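# Quick one: sequence plus predicted model below, questions after.
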Amino acid sequence: MFHESTQTDLGLFNRLCPKDKKGKRHFSVSMQGRLKKLGITETDPYLLTDEQKARFARLDIDPETVTWRRAVDVNDRMLRGITVGQGDAEKGFELKTNFYISVASELMAILALATSLQDMRERIAKMVIGQSRQGEPIRADDLGVAGALTVLMKDTIKPNLMQTLEGTPVLVHAGPFANIAHGNSSIMADKIALKLADFVITESGFGADMGMEKFFDIKCRYSGNIPSVVVLVATVRALKMHGGGPKVTAGAPLAPEYIDENLELVEKGAANLLAHASIAQKFGVPVVVAVNRFPTDTYAELELVRKIALGHPGVADAVVADHFSLGGAGAIALAEAVVKASEKPADFKFLYPLDIPLKQKIETIAREVYGADGVDYSELAETRIAEYTRMGYDKLPICMAKTHLSLSHDPELKGVPKGYRIPIRDVSASVGAGFVYPLLGTMSTMPGLPTRPAYYDIDIDFETGRILGLS
């Protein structure tokens, strides 16, 4: 936008395709995508008509439509709303914008969903940063940056091989959060693991309403892999909170209700566990409930959770897992339950087809997964949905950005909320990653720090060089 404002069409074209030492002009490899998009088949810049040169060189971006955001990998609430372009040389190009945390960026989602380096390059090229004044989407390929971005990302596509304390191999790769992105480890890591082991455990973030739903409706569509079993992890403490227990504050001592036996809170909170099991059941995959044991849990509490879980028709088994205290030996019963459940017949199905309207997909998730009565759209969300439909992005799956602290959009609504509606504040399209993501309620893609951040505990022991406070 800055350079286009002061140059003619021919001037722009000549600067984009400068003469080499022999006085010849060439299209760079990164320009091929835009030429193809415009239907220009000539490979020699000199053979283009003046009209073709103008179309190629001038993007004519409408600043009001720019949805691309800068990203940084730290929490900074002051970057949720900023103004750029205030330098003396940039006067007239002020723009209100914001930062994402990097795990919410489209590049992070692309890393997690790419099936190869070539697929990553193609996805990066499709990223839409805004629209032209004529209403045409402007992609990374139009900017000529897709190749350079791929070079920057080329080593990130390789999963990190690590191991557990007992030597079990673990592939750690990608980090899209499930509340502000699709919340799953990479397809590449899964593909490698499936070639090396009989059973592969892959994580989806938070609950069945978050990472699991996105795993099925987004990741499985692109990977082609269908899981044999859902392992639904529950804790007595979490169920007590959903049963009406006192508010839990990070870093503060737990209330007695979470430490002492309280079967009433566990039973009430188990409704939340059953709701998650019902969500998983909608996809036709057997569920094994893993009750992650804490030292303060009583036998009666653990058995109550198991009993309630086993009463759900979609739950194949419910097992107490004590791996935190006992290591692998504490998870043998869970592993055996997973193997047995994997032998059961599955009837996998997606929650929604891709060929229905965006609103219908959103409302299906709101109703079937969150248990909401309906959806309310802001004026901005309505506009964005109409624009994405016009541009052909209505065939993409949905990636809801919402709180992980409730089945609803409101973190204060515990248990199984009823009688509420989901507010959609905004909608964006991650076309390269391959999904449309609505923002629910007050959900932010840039976290802030609490009054006492963890950095108070981090320092260096100068005698040993050991970093303090990370474990």
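Nice, thanks for sending it over.
# Give me the contacts around the longest strand along the chain.
Identified as the longest strand of the chain according to DSSP state E is strand 421-430. Strand 421-430 has contacts (C-beta atoms under 8 Å, 6 or more residues apart in numbering) with 67, 106, 109, 127-128, 358, 362, 366, 370, 372-378, 380-381, 384-385, 388, 393, 396, 399, 408-409, 435-443. (C-beta placed from N, C-alpha, C; glycine too.)
# are any of those residues buried, and which?
67, 106, 109, 127-128, 358, 362, 366, 370, 372, 375, 377, 381, 384-385, 388, 393, 396, 399, 408-409, 435-441, 443 (16 or more other C-beta atoms under 10 Å).
# List the contacts of residue 66.
Neighbouring residues of residue 66 by C-beta under 8 Å, 6+ apart: 95, 97, 129, 130.
# Only the buried subset of these, as a ChimeraX command please.
To isolate the buried ones among those in ChimeraX, judged by 16+ other C-beta under 10 Å, type:
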select :97,129,130
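# Tell me which entries of the contacts of residue 66 lie within strands.
Reading strands off the contacts of residue 66 with DSSP E, I get 95, 97, 129, 130.
# Check those residues against residue 54 and report the nearest one.
Nearest to residue 54 among the ones in strands among the contacts of residue 66 is residue 130, at 19.5 Å by C-beta to C-beta.
# what are the phi and psi angles of the residue lying closest to that closest one once chain neighbours are set aside?
Excluding the flanking residues, the one nearest residue 130 by C-beta to C-beta, 6 or more residues apart in numbering is residue 66, at 3.9 Å. Main-chain dihedrals, residue 66, degrees, to the nearest 10: phi -70, psi 120.
# Find me the pLDDT at residue 66, would you?
At residue 66, the model reports a pLDDT of 91.
# can I get the ones in strands among the contacts of residue 66 in a markdown table with distance to residue 11?
Listed next are the ones in strands among the contacts of residue 66 as a markdown table, based on distance: C-beta to C-beta, whole Å:
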| residue | distance to residue 11 |
| --- | --- |
| 95 | 24 |
| 97 | 28 |
| 129 | 23 |
| 130 | 23 |
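# Let's have the residues you listed in JSON lines, adding distance to residue 226 and pLDDT.
Below are those laid out as JSON lines (distance: C-beta to C-beta, whole Å; pLDDT from 0 to 100):
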{"residue": "95", "distance to residue 226": "44", "pLDDT": "90"}
{"residue": "97", "distance to residue 226": "40", "pLDDT": "93"}
{"residue": "129", "distance to residue 226": "34", "pLDDT": "93"}
{"residue": "130", "distance to residue 226": "36", "pLDDT": "93"}
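# Can you show me the helices along the stretch 351-471 of the chain?
Applying DSSP state H, counting those that start in this stretch to the stretch 351-471 of the chain gives helices spanning 358-368, 379-390.
# a markdown table for those, including mean pLDDT?
Listed next are the helices of the stretch 351-471 of the chain as a markdown table, based on pLDDT from 0 to 100:
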| stretch | mean pLDDT |
| --- | --- |
| helix 358-368 | 98 |
| helix 379-390 | 96 |
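# With distance to residue 350 added, can I get the ones you listed in a markdown table?
Converted to a markdown table, those look like this (distance: least, C-beta to C-beta, whole Å):
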| stretch | distance to residue 350 |
| --- | --- |
| helix 358-368 | 10 |
| helix 379-390 | 20 |
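# quick one: which of the ones you listed is nearest residue 275?
helix 358-368 (11.3 Å).
# Around residue 126, how many other residues sit close by?
Residue 126 is flanked by 19 other residues according to other C-beta atoms under 10 Å.
# So the chain: which segments form each domain?
Structurally, the chain divides into domains by automatic domain parsing as follows: 1-58, 358-440.
# Most tightly packed of those?
Neighbour counts (mean count of other C-beta atoms under 10 Å) averaged over each of these peak at domain 358-440, with a mean of 19.
# Out of the contacts of residue 66, flag the one nearest to residue 88.
Nearest to residue 88, judged by C-beta to C-beta, of the contacts of residue 66 is residue 95 at 16.1 Å.
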